[in-house]
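Participant: Predicted model and sequence follow; I will ask about them next.
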Amino acid sequence: MRVMFLAAEAVPFFKVGGLGDVVGSLPRALQALEPDWDIRLVLPLHDHLDRERFPLEPVAAFTVPHRNGPILAEAYTTAWDLPVYFISGAPILLESSVYAAHPSQDGPKYAYFSLAALELARTLGWMPDVLHAHDWHTAPAVYAVALRREHAPFWAHTRTVLTVHNLPYMGQGAGPALQAFGLPPAPDDSGLPEWARVLPLPLGLWAADAITTVSPTYAREILTPEHGCGLEAFLRARADRLTGILNGLDTTSWDPAQDPEVPHPFSPEDLSPREENRQALRDEVGLPHPAGRVPILGAVSRLTEQKGMDLLPAALSRLEAYPWQAVLLGAGDEEIATAWQALDKRYPERVKVILGYNPGLARRIYAGADMLLIPSRYEPCGLVQMMAMRYGCVPVAHETGGLADTVLDYDLAPRRSTGFLFPEATAKSLAFALRRAFAVFADPRRWRALQRRGMRRDFSWQASARAYAQLYRALAR
Ligand code: ADP
Ligand code: GLC
């Protein structure tokens, strides 16, 4: 089985969010499960790749057809756990970060990347049995394979899988770029609403042999008007090819017993060093050490509408009467950042806001905070709740998407529970759940048992990698 993975980001090369975690770990998990398979990963050569750590070797040069004339592309590789290619070329150099400030500016870059990846396979004479694309950025490759299958023998046998990590991001504004690269709008009888017929993600969904999303609950939610983003009817008609496969974690990288970023290693068997991580976290961010056992609330997030982080100021203000401290780490939307900073000003002894992208601090928050706040309005899967649980930090999360699939609520099943869920993405609902969490926190024995259950849950890729392998086999048959 030859499998080609295509994505905008993958750890350890590039990471903006969970997509990078998933695309960095799933191919390796599949390779461990199926050592004979030939699995390769193709990424754009974003400018900020650490070339000292990953020295590049050229592997191929070719051109990608464009309305204004062919564009020269170059592919490079570097030593890694499995073959990985980086594609360069003028449209990728347009933007040095993985994503432009506004998604509508990313059309040419990712239309080019998707088609260049297909040209790379052809240049190498490497015919994939399965092309597995992720999100709108690489959906044009899925569409292009479907269009080429009929007349290009090279693509006649390739089956396509498109994984939706975030449905609202459809590649809005990329229509003209697709057309400039020779990808026409979908036909009138495609079943897609008219506005969607020029957008990368809908075109990929129309063309894909299989569609997956990153949790079973989100797979159901996108069939409803609330979460379907206008594609619910179209997706319902293709529900037979849609499955939800829960993300896993790279449990070697995410292990509190051997995480170099965590000052005091610990495990579910011996939780006591975790107390030192709590104190160290306070020192690192400048929170005072209060008398008594005061819970530290954490947040680690991209600041976007999706994540509901704008609800924190109102939720925490409702809990003024309770003792708590909070460490909030986030990057993104300025309005949300400003609201967080106002909270920090209002409660200088209680709240520390750190703006920016800081992977080391993220890990120390999971290892030192007591509760992780996750008020996402929707969440296709979510990795932060799994990371938190693995590090003994108890999630307090909105019951939606993958959060509902990975966190078991305390009141629902006290002896099996791993966190607290709340039914609505509102400040009131979050504050209510936090009150329940504070009550359990007050009893150290019950709290430790809750932490241990979360830490012992199996978040590895094993089961999910098997589900993907099965899907590939069914398609390639
Ligand atoms: P999403 O992909 O929607 O952002 P996930 O929960 O799937 O959400 O994954 C988020 C990933 O990004 C996690 O690995 C988390 O630790 C990391 N992350 C998010 N925000 C930050 C930040 N400000 N600094 C460092 N890491 C972050
Ligand atoms: C997206 C989603 C997140 C998911 C991640 C990896 O960024 O927002 O829920 O965990 O992709 O699949």
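Facilitator: Thanks, I have the structure now. Ligands and ions are numbered 1, 2, ... in the order given.

Participant: which bits of the chain sit near ligand 2?
Facilitator: Counting by C-beta under 6 Å from any ligand atom, the chain comes close to ligand 2 at 17-19, 22, 165-166, 214, 247, 379-383, 402. C-beta: built from backbone N, CA, C; applies to glycine.

Participant: What about these, which one has the most neighbours?
Facilitator: residue 379 (32 neighbours; other C-beta atoms under 10 Å).

Participant: Name the nearest residue to residue 249, ignoring sequence neighbours.
Facilitator: residue 459 (4.5 Å; C-beta to C-beta, 6 or more residues apart in numbering).

Participant: you'd agree the one you found is up against residue 388?
Facilitator: No - the pair residue 459 / residue 388 is not scored as a contact, 10.6 Å apart, by C-beta atoms under 8 Å.

Participant: Those two: who's more crowded?
Facilitator: Neighbour totals were compared for residue 459 and residue 388, and residue 388 leads with 29 against 23 (other C-beta under 10 Å).

Participant: got the contact list for that one?
Facilitator: Counting by C-beta atoms under 8 Å, 6 or more residues apart in numbering, residue 388 makes contact with 298, 366, 369, 372, 394, 395, 454.

Participant: Report the mean confidence score over the helix or strand containing the fourth one.
Facilitator: Spelled out, that is residue 372. For residue 372, the host element (DSSP states H and E) is strand 371-374. Strand 371-374 shows a mean pLDDT of 98.

Participant: which is the next helix or strand following it?
Facilitator: Strand 371-374 is succeeded, C-terminally, by helix 384-390 (DSSP H and E).

Participant: In this structure, what residue comes closest to ligand 1?
Facilitator: residue 18 (2.1 Å; C-beta to the nearest ligand atom).

Participant: thought that residue was touching residue 165?
Facilitator: Yes - assessed by C-beta under 8 Å, residue 18 is found in contact with residue 165 at 7.1 Å.

Participant: which neighbours do the two share?
Facilitator: Common neighbours of residue 18 and residue 165 (C-beta under 8 Å, 6+ apart) are residue 381.

Participant: So residue 395: helix, strand or coil?
Facilitator: strand (DSSP: H, G, I helix; E, B strand; the rest coil).

Participant: What segments of the stretch 201-350 of the chain are helices?
Facilitator: Using DSSP state H, counting those that start in this stretch, the helices of the stretch 201-350 of the chain run over residues 216-221, 232-237, 273-285, 312-317, 334-346.

Participant: okay, those in CSV with mean neighbour count and mean pLDDT next?
Facilitator: Output for the helices of the stretch 201-350 of the chain, formatted as CSV (neighbours: other C-beta atoms under 10 Å; pLDDT from 0 to 100):
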stretch, mean neighbour count, mean pLDDT
helix 216-221, 21, 98
helix 232-237, 16, 98
helix 273-285, 18, 98
helix 312-317, 20, 98
helix 334-346, 16, 98
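
Participant: Go through stretch 20-37 and flag the buried ones.
Facilitator: 20-31, 34, 37 (16 or more other C-beta atoms under 10 Å).

Participant: can you check stretch 283-292 too?
Facilitator: For stretch 283-292, burial by neighbour count (16+ other C-beta under 10 Å) applies to 284, 285, 287.

Participant: With adjacent residues omitted, what lies nearest to the first one?
Facilitator: Ranked by C-beta to C-beta, 6+ apart and with sequence neighbours excluded, the top spatial neighbour of residue 284 is residue 364, at 6.6 Å.

Participant: Is there proximity between the helix or strand where the one you found lies and ligand 1?
Facilitator: Per DSSP H and E: residue 364 is located in helix 359-368. Yes - shown here: helix 359-368 in contact with ligand 1 (C-beta under 6 Å from any ligand atom) through 359, 362.

Participant: how far is that helix from where the chain is centred?
Facilitator: 18 Å (C-alpha atoms, centre = their mean, to the nearest Å).

Participant: and if you look at stretch 50-68?
Facilitator: 25 Å.

Participant: got the phi/psi numbers for the residue in the chain sticking out farthest from the centre?
Facilitator: Residue farthest from the centre of the chain, counting by C-alpha atoms, centre = their mean, is residue 291 at 38.2 Å. In this entry, residue 291 is assigned phi and psi values of phi -80, psi 140 (degrees, to the nearest 10).

Participant: repeat for residue 31
Facilitator: Dihedral angles (degrees, to the nearest 10) for residue 31: phi -60, psi -40.

Participant: List the buried residues of stretch 441-459.
Facilitator: 441, 447, 450, 451, 452, 453, 454, 455, 457, 459.

Participant: One more: stretch 116-130?
Facilitator: Those would be 116, 117, 118, 119, 120, 121, 123, 128, 129, 130, for stretch 116-130 by 16+ other C-beta under 10 Å.

Participant: Send me that stretch as CSV with only the CA atoms.
Facilitator: Extracted in CSV, the C-alpha atoms of stretch 116-130 (Å, rounded to 0.1, in the frame of the first residue of the first chain):
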residue,chain,number,x,y,z
ALA,A,116,2.6,20.4,-7.2
ALA,A,117,2.3,17.5,-4.9
LEU,A,118,0.5,15.5,-7.6
GLU,A,119,3.2,16.5,-10.1
LEU,A,120,5.9,15.4,-7.7
ALA,A,121,4.3,11.9,-7.4
ARG,A,122,4.3,11.7,-11.2
THR,A,123,7.9,13.0,-11.5
LEU,A,124,9.0,10.3,-9.0
GLY,A,125,6.9,7.7,-10.8
TRP,A,126,5.4,6.9,-7.4
MET,A,127,1.8,6.0,-7.9
PRO,A,128,-0.1,6.3,-4.6
ASP,A,129,-2.9,3.8,-3.8
VAL,A,130,-4.4,6.3,-1.3
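
Participant: helix, strand or coil for residue 5?
Facilitator: Under three-state DSSP, residue 5 falls in the strand class.

Participant: Now do it against residue 350, distance only.
Facilitator: According to C-beta to C-beta, to the nearest Å, residue 5 and residue 350 sit 44 Å apart.

Participant: ditto for residue 193
Facilitator: Distance from residue 193 to residue 350, by C-beta to C-beta: 48 Å.

Participant: next one: residue 298
Facilitator: With C-beta to C-beta as the criterion, residue 298 and residue 350 are 13 Å apart.

Participant: Looking at these two, which one has more neighbours?
Facilitator: Neighbours per residue (other C-beta under 10 Å) separate residue 298 from residue 350, with residue 298 holding more: 28 against 19.

Participant: so what's that one up against?
Facilitator: 326-329, 365-366, 368-373, 388, 393.

Participant: Could you find the closest non-adjacent residue to it?
Facilitator: Counting by C-beta to C-beta, 6+ apart, the residue nearest residue 298 is residue 369, at 3.1 Å.

Participant: Kindly report the same for residue 215.
Facilitator: In space, residue 215 is closest to residue 402, 3.4 Å off (C-beta to C-beta, 6+ apart).

Participant: where's the one you found, which helix or strand?
Facilitator: Going by DSSP H and E, residue 402 is in helix 401-406.
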